[in-house]
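Student: turn this into a model:
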Amino acid sequence: MGRDNTNTTYLMKTEYDLSQMKSRPNPYAKRLKKQVTLRVNPDVIDYFKEMAEETGIPYQSLIYLYLQDCMMSHRKLTLQWVSS
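Tutor: Residues are numbered from 1 along each chain as shown. All right, here's what the predicted structure looks like:
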């Protein structure tokens, strides 16, 4: 059986001296998402907003998931320029 901690009192210092604490780099920093500015046509945003309503997933998350899927599957865009 587990312990019942409902009546346990934990004492905590009112002040901690962090001046002696050594800093270290965040091991998860490389995994954090990076905020970028991206210009997207309104019809593209509308497309993902409609999909967001259908799925219940925020449209920004859907865009991220789609881009991540492209990256994971190494999907390449093929363009063909038409001369005028």
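
Student: in the chain, which spans are strands?
Tutor: Applying DSSP state E to the chain gives no strands.

Student: how close does residue 40 get to residue 69?
Tutor: Between residue 40 and residue 69 the distance is 17 Å, computed by CB to CB, to the nearest Å. The way it works is simple: take the backbone N, C-alpha and C, and place the C-beta from them, glycine included.

Student: and what of residue 35?
Tutor: Taken as CB to CB, the span from residue 35 to residue 69 is 20 Å.

Student: cool, residue 51 as well?
Tutor: 14 Å.

Student: what about the nearest residue to residue 69 once chain neighbours are set aside, distance to residue 57?
Tutor: Nearest residue to residue 69 in three dimensions, chain neighbours excluded: residue 75, at 7.6 Å (CB to CB, 6 or more residues apart in numbering). Remark: distance between residue 75 and residue 57 (CB to CB) = 20 Å.

Student: residue 45: neighbouring residues, count only.
Tutor: Using other CB atoms under 10 Å, residue 45 has 13 other residues around it.

Student: that one reaches residue 52, doesn't it?
Tutor: No: contact criterion CB atoms under 8 Å: residue 45 and residue 52 do not qualify, at 10.1 Å.
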